[in-house]
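J.: predicted structure and sequence below. I'll ask about it afterward.
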Amino acid sequence: MSFVLFLIATVAASGYGLHLAILLALFARKQKAKRAEQKAIIDAFVEADDRASWPTVTTQLPVYNEADVVTRLIDAVVAMDYPKDKHEIQVLDDSTDNCRDLIDKIVRQYADRGFDIRVVRRDDRHGYKAGALAHATPQAKGEFLAIFDADFVPPSEFLKKCIALLVANPKAACMQGRWGHLNRDESWLTRAQALGIDGHFAIEQGARAWNGLLMNFNGTAGIWRKAAILDEKVGGWSADTLTEDLDLSYRAQLAGWEIEYCVDVACPAELPGTANAFKSQQRRWATGSIQVARKLLPRIWRSHLTIGQKLEASLHLTHYAVAVFMLILAVVARPMLLIWLKGAHFQEWFYGIWAVVCVTAIIPSAVYTYARFALGEGWGGVRVIPSMLILGVGICVNNSIAVIRGLYLKGGEFVRTPKSGSTAGKRAMGHYQVAQQQLWILEIVLGVYSLWTFKQYLDCNRYFFSIFLLLYGLGFLWMGVLSRPVRLLRRRDEQAADSNASPAIQATSN
């Protein structure tokens, strides 16, 4: 049984690794020509500066208890370089704390200065972010709807650059920008996250958008064509998954719309600064992705798409499942060593399988390193690879459970990731915390088990294969230690000592 599980997990994990390598090749093949084409379109639009003909845009800002960052967000949106009479701003406020009063004050100040800005509130949080967007969209004046989460700080030129590309392609339902990072160098955790996100946005999204594959709107830092959302074939925003952005993106493309992507239009955002906040974000993304896969894969395979598009969409929607296979490899490593030592006829099998594991383990590191190079930052990403590998392994317990939940759960509570207002030059202590989970206990147990198995491999002179177990052990232990309750209590004490801080508000957790 252990051998069967080991074989299945190895083949599956290798498949996802190979998929990533293919995306890298597709990106490299198209990036130079596509980036030049998009730059020419944007430059022509900006240079013409025919503002009278620019379409009306409504910027939507979904907010829920974000007192630490909402002022920064609204200030940035108001400052965007777009005609006042063609830019409506909707603050979709579902807040239940003093963030409501803060928003009302800011909005009133800007409205008095002539900006078309207002607060849109509901009686309850039904549908969470998807519900807020569905409620506000029919009220929007704009032909296009820009969406920014509370932790994003859009640059002044974001709207006009994205609009230029949307106007140039009437079939485009959405224009997605790249995520940048406000606090990348805050800690090893944020540096590792930033490298992974750069890989997704610099390689994966470009490869999909520029090669006729289905890609997704990432929930923020993008602009939708209102007609695409309201298209009866698309069906609008839906809250039956936790990743309403991914769900809407795929439904729009299945209805014949396209999604544009520009790697050179970036919008910086704040990365989760604590392990628990990061785990909360990953749980939502992992559960939601599997929910969308369960909901739409049958429809995708019945559609007019090519086999290649269907296969890539399947791997895309289920990619969080790799966490389950990684966890299986860690658990069965010890019994596999016993089988290896007792069965000589397994030797060739083992070496072949481990060779595949080694190659596919190298692929993500190569992709993420190249992503930084493609963004013009040289090969500095190599230094962050060890941290990213440890983080990637450490999160797989959290993500495995989230994947399993996605297989049976419909909808669920949208737990927003608390942000603190950190930037490149300032590490902030936020007033919101994610509720504590007990997974840290299991992570520490698995970390100890993996290190024990690592020693067993060393004792049997299996030095090369033991490297993976060392990564598992360090990843599980590090994530467990960072997630333990004492860390949350210490942060609360620090906040209580801050004379300017309001009482910490704990976000509801799944």
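T.: Received, thanks.

J.: would you quantify the distance from Val4 to Trp452?
T.: In this structure, Val4 and Trp452 are 23 Å apart, going by C-beta to C-beta, to the nearest Å. C-beta coordinates here come from the backbone N, C-alpha and C atoms, glycine included.

J.: just Ala227 next, same as before
T.: Remark: distance between Ala227 and Trp452 (C-beta to C-beta) = 59 Å.

J.: quick one, strands of this structure?
T.: 57-63, 87-93, 116-120, 144-147, 172-181, 222-225, 258-269, 432-434, 505-507 (DSSP state E).

J.: mind putting the ones you listed into TSV with mean neighbour count and distance to Gly412?
T.: Output for the strands of the chain, formatted as TSV (neighbours: other C-beta atoms under 10 Å; distance: least, C-beta to C-beta, whole Å):
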stretch	mean neighbour count	distance to Gly412
strand 57-63	25	17
strand 87-93	23	20
strand 116-120	18	24
strand 144-147	24	21
strand 172-181	24	24
strand 222-225	26	23
strand 258-269	21	23
strand 432-434	23	15
strand 505-507	16	15
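
J.: got TSV for these, with distance to Val356 and mean pLDDT too?
T.: As requested, the strands of the chain are arranged in TSV below (distance: least, C-beta to C-beta, whole Å; pLDDT from 0 to 100):
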stretch	distance to Val356	mean pLDDT
strand 57-63	43	98
strand 87-93	47	98
strand 116-120	52	98
strand 144-147	41	98
strand 172-181	32	98
strand 222-225	37	98
strand 258-269	31	97
strand 432-434	37	62
strand 505-507	41	37
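
J.: tell me which of the ones you listed lies nearest to Ile395.
T.: strand 432-434 (14.4 Å; C-beta to C-beta).

J.: okay, Val4 and Trp452: which has more neighbours?
T.: Per other C-beta atoms under 10 Å, whichever of Val4 and Trp452 has more neighbours is Trp452, with 12 against 9.

J.: how is this protein divided into domains?
T.: Domain assignment for the chain by automatic domain parsing gives 16-273, 320-507.

J.: nearest to Ala9, out of those?
T.: Nearest to Ala9, of all these, is domain 320-507, at 4.1 Å by C-beta to C-beta.

J.: Ala323 contacts Ile401, doesn't it?
T.: No. Using C-beta atoms under 8 Å, Ala323 is not in contact with Ile401; the gap is 9.0 Å.

J.: settle it for me: which of the two has more neighbours?
T.: Neighbour totals were compared for Ala323 and Ile401, and Ala323 leads with 23 against 20 (other C-beta under 10 Å).

J.: and the more buried one, what does it touch?
T.: Going by C-beta atoms under 8 Å, 6 or more residues apart in numbering, Ala323 touches Ala286, Ile395, Cys396, Val397, Asn398, Asn399, Ser400, Val403.

J.: neighbours of the fifth one, just the number please.
T.: Per other C-beta under 10 Å, the neighbour tally for Asn398 reads 25.

J.: list the contacts for it?
T.: Shown in contact with Asn398 (C-beta under 8 Å, 6+ apart): Lys279, Gln282, Arg283, Ala286, Ala323, Gln437, Leu439, Glu443, Met479.

J.: how about it: what's its closest non-neighbour residue?
T.: Nearest residue to Asn398 in three dimensions, chain neighbours excluded: Lys279, at 4.7 Å (C-beta to C-beta, 6 or more residues apart in numbering).

J.: tell me how far the one you found lies from Ile41.
T.: Lys279 is 40 Å from Ile41, by C-beta to C-beta.

J.: show me which of the two is the more surrounded one.
T.: Ranked by neighbour count (other C-beta under 10 Å), Lys279 and Ile41 place Lys279 first, with 27 against 16.

J.: got a pLDDT number for Ala333?
T.: With respect to pLDDT, Ala333 scores 87.

J.: for it, give its distance to Ser14.
T.: Taking C-beta to C-beta, one finds Ala333 at 16 Å from Ser14.

J.: how about Ala277?
T.: Distance from Ala277 to Ser14, by C-beta to C-beta: 31 Å.

J.: what about Ala333, neighbour count?
T.: Using other C-beta under 10 Å, Ala333 has 22 other residues around it.

J.: my guess is it contacts Thr453. True?
T.: Yes. Using C-beta under 8 Å, Ala333 is in contact with Thr453, at 5.0 Å.

J.: so what sits against both of the two?
T.: Leu469.

J.: how far off centre is the biggest helix by length in the chain?
T.: In the chain, taking DSSP state H as the definition, the longest helix is helix 2-48. From the chain centre to the centre of helix 2-48 is a distance of 16 Å (C-alpha atoms, centre = their mean, to the nearest Å).

J.: what's the angle between that helix and strand 258-269?
T.: Relative orientation of helix 2-48 and strand 258-269, computed by axes from the mean of the first three to the mean of the last three C-alpha atoms, to 10 degrees: 90 degrees.

J.: now helix 2-48: average pLDDT?
T.: Averaged across helix 2-48, the pLDDT comes to 93.

J.: same question for stretch 403-415.
T.: Mean predicted confidence for stretch 403-415 is 90.

J.: how far does that stretch sit from the chain's center?
T.: Averaging C-alpha positions (C-alpha atoms, centre = their mean) puts stretch 403-415 16 Å from its chain's average.

J.: and the end-to-end length of it?
T.: Stretch 403-415 has an end-to-end distance of 16 Å (C-alpha to C-alpha, to the nearest Å).

J.: likewise for stretch 221-233?
T.: 24 Å.

J.: got it, and stretch 115-128?
T.: 27 Å.

J.: roughly how far is that stretch from the heart of the chain?
T.: 24 Å.

J.: and stretch 180-194, by the same measure?
T.: On C-alpha atoms, centre = their mean, the centre of stretch 180-194 falls 14 Å from the chain's centre.

J.: buried residues in it?
T.: 180-184, 186-187, 189-194 (16 or more other C-beta atoms under 10 Å).

J.: now Gln139. Nearest residue, chain neighbours left out?
T.: Nearest non-adjacent residue to Gln139, counting by C-beta to C-beta, 6+ apart: Val120, 6.6 Å away.

J.: quick revisit: can you redo the buried residues of stretch 180-194 as CSV with distance to Lys86?
T.: Formatted as CSV, the buried residues of stretch 180-194 follow (distance: C-beta to C-beta, whole Å):
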residue, distance to Lys86
Gly180, 25
His181, 30
Leu182, 28
Asn183, 33
Arg184, 33
Glu186, 37
Ser187, 41
Leu189, 40
Thr190, 36
Arg191, 39
Ala192, 40
Gln193, 36
Ala194, 34
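
J.: and stretch 367-378, what's buried?
T.: So stretch 367-378, judged by 16+ other C-beta under 10 Å, has buried residues Val367, Tyr368, Thr369, Tyr370, Ala371, Arg372, Ala374, Leu375.
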